[in-house]
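> what follows is a predicted structure for the sequence shown.
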Amino acid sequence: MSQLLERCFSDLWTQRFTFERMGFDLQCKAPRRVLYGPVRYIIMALATSFELCAVIAFMCVHRNHIVLFSEALMHGIQMISSLLKMFIFVRKARVVVDLIADVQDPELEVQWKRRGQQLSAIYFLMCALTSISFLLMPVVLTLLRYLANGELEPFSAFRVVLPYDVTQPHIYVLDCLIMCFVLTFFCCSTTGVDTLYGWFIFGLSAHFRALGLCLERAVIISSDCPERFELEMSRVFRQHCGVLSLVQRFDEAFREIVLVEVLLICLLYCSVICQYIMPQTNQNYAFLAFFSMVVTTQLCIYGFGAEQLRQEARLFSLQLYEKLPWQSLLPGMRRLLLFPMLRSQKEISLSGYFFSLGRPLMVWIFRTAGSFTTLLSALRDKYE
């Protein structure tokens, strides 16, 4: 059991496991394709696209029923989010894999890797329970009805208009198989992309902490050997430039994914809240509870992750100012150190083209979701 837990908490295990389910290899070398199993990925994407079309058809039919429309909207937005994020990832897969190899450093502290994988495993468990509860609860209730009445009356909280009759046993089984592909795609794409973003946050934060340790060694050397101090400081600033370059590449690689995430999560949060304040019959509350946790954690990964990286960069700039023995340095050395110190004080920003990630953006998302929810509630009271 301990060996199994140790393996689950190894570096990038959760990310590699989820991406491999979709046919991706995060540790492949340059000549080999990152997407080594395209058939698997295409089947999942086509199944999700099919169910998305069924959800859109349901929304068109029930466009005047706000409660049913908002419930279908919740499923539709999540499927759109998964499809768009994976489409962007496929386009930038090689860039992301190369960036993973550059961020990984065996000399960095092991603690950040273990902590990051623990959080990734918890998030993966939430996504898996969301998928399992979405499929298992309706199937169990449908079987209980069938055993009680002898007729197949499918129980479902999934609002779709399907082109076939699911009351036929073989059709119902086929529909459940399609949903298995859809839910696997949701679980793996959501867990894989979001936890990979968090892994980069932890990795880059560890690089900034390593810079702080190098700076402390240089300060200790400064009193004993001024010549070595200059070499150590040159090494620190070279590493700092390298870390800033990694941050820039990370921002460029995930910028489009962040844009999709933030634009869709406002409506997603709104539709989730509507299920609590405007409940509908046949509601799958187990799925709704797990899905609410997934959406909230998803928002925290992007918002607090960017805030953590910004804080680590700010902490290094403070260390650079506070720990250097300025009073004992030669005037020429002081002037040379001013330029790196000014550069280190420039704030790091992870963006999504039109906005910067952080706590202010999270507050804006909550306020916007609340505004949408109030609007839908007012429309429901007026027209229904």
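Perfect, thanks for sending it. Everything numeric here is computed off the predicted structure, so don't read it as measured data.

> C-alpha from now on. contacts and neighbour counts both.
Will do.

> would you mind finding the longest helix in the chain?
Of all segments of type helix in the chain, defined using DSSP state H, the longest is helix 169-222.

> which residues of the stretch 101-250 of the chain score low on pLDDT?
Counting by pLDDT under 70, the stretch 101-250 of the chain shows low-confidence ranges at 106-113, 156-157, 222-227.

> now find how far off-centre the longest helix of the chain is within its chain.
Relative to the chain's own centre, helix 169-222 is displaced by 7 Å; criterion: CA atoms, centre = their mean, to the nearest Å.

> other SSEs contacting the next helix or strand after that helix?
Later in the chain than helix 169-222, the nearest helix or strand by DSSP states H and E is helix 226-277. With contacts taken as 3 or more CA pairs under 8 Å, 6 or more residues apart in numbering; DSSP states H and E, helix 226-277 sits against helix 66-91, helix 93-103, helix 169-222, helix 285-323, helix 359-383.

> what's the closest of those to S349?
helix 285-323 (6.9 Å; CA to CA).

> and that closest one, which residues are buried?
Neighbour counts over helix 285-323 (16 or more other CA atoms under 10 Å) mark 285, 287-292, 294-295, 297-307, 309-317, 319-321 as buried.

> same check, this time on stretch 347-359
Buried, per 16+ other CA under 10 Å, within stretch 347-359: I348, S349, L350, S351, G352, S356, L357, G358, R359.

> can you check stretch 46-56 too?
A47, T48, S49, E51, L52, A54, V55, I56.

> list of residues touching it?
72-73, 75-76, 79-80, 83, 159-162, 178-179, 181-182, 185 (CA atoms under 8 Å, 6 or more residues apart in numbering).

> which of the residues you listed has the most neighbours?
Highest neighbour count within the contacts of stretch 46-56, by other CA atoms under 10 Å: F185, with 27 neighbours.

> my read: that one touches E20, true?
No: F185 is not in contact with E20 according to CA atoms under 8 Å; the separation is 11.4 Å.

> pLDDT value on R335, please?
We have a pLDDT of 69 for R335.

> scratch that, A286 is what I was asking about
78.

> who touches it in this structure?
A286 makes contacts with T130, S133, F134, as judged by CA under 8 Å, 6+ apart.

> in which helix or strand would I find the last one?
In this structure, F134 sits in helix 110-149 according to DSSP H and E.

> and that helix with helix 285-323, angle?
170 degrees (axes from the mean of the first three to the mean of the last three CA atoms, to 10 degrees).

> can you give me the angle helix 110-149 makes with helix 169-222?
Using the same axes, to 10 degrees: helix 110-149 against helix 169-222 is 170 degrees.

> just checking, what packs against helix 110-149?
Helices and strands touching helix 110-149, by 3+ CA pairs under 8 Å, 6+ apart, are helix 13-21, helix 169-222, helix 285-323.

> these: which one's closest to H240?
Of all the helices and strands packed on helix 110-149, it is helix 169-222 that lies closest to H240, at 6.9 Å by CA to CA.

> contacts only, for G198.
G116, I301, Y302, G305.

> which of those has the weakest pLDDT?
Going through the contacts of G198 one by one, the lowest pLDDT turns up at G116, 77.

> so what's it up against?
G116 makes contact with G198, W199, F202 under the criterion CA under 8 Å, 6+ apart.

> same check on V95?
Applying CA under 8 Å, 6+ apart to V95 gives the contacts A253.
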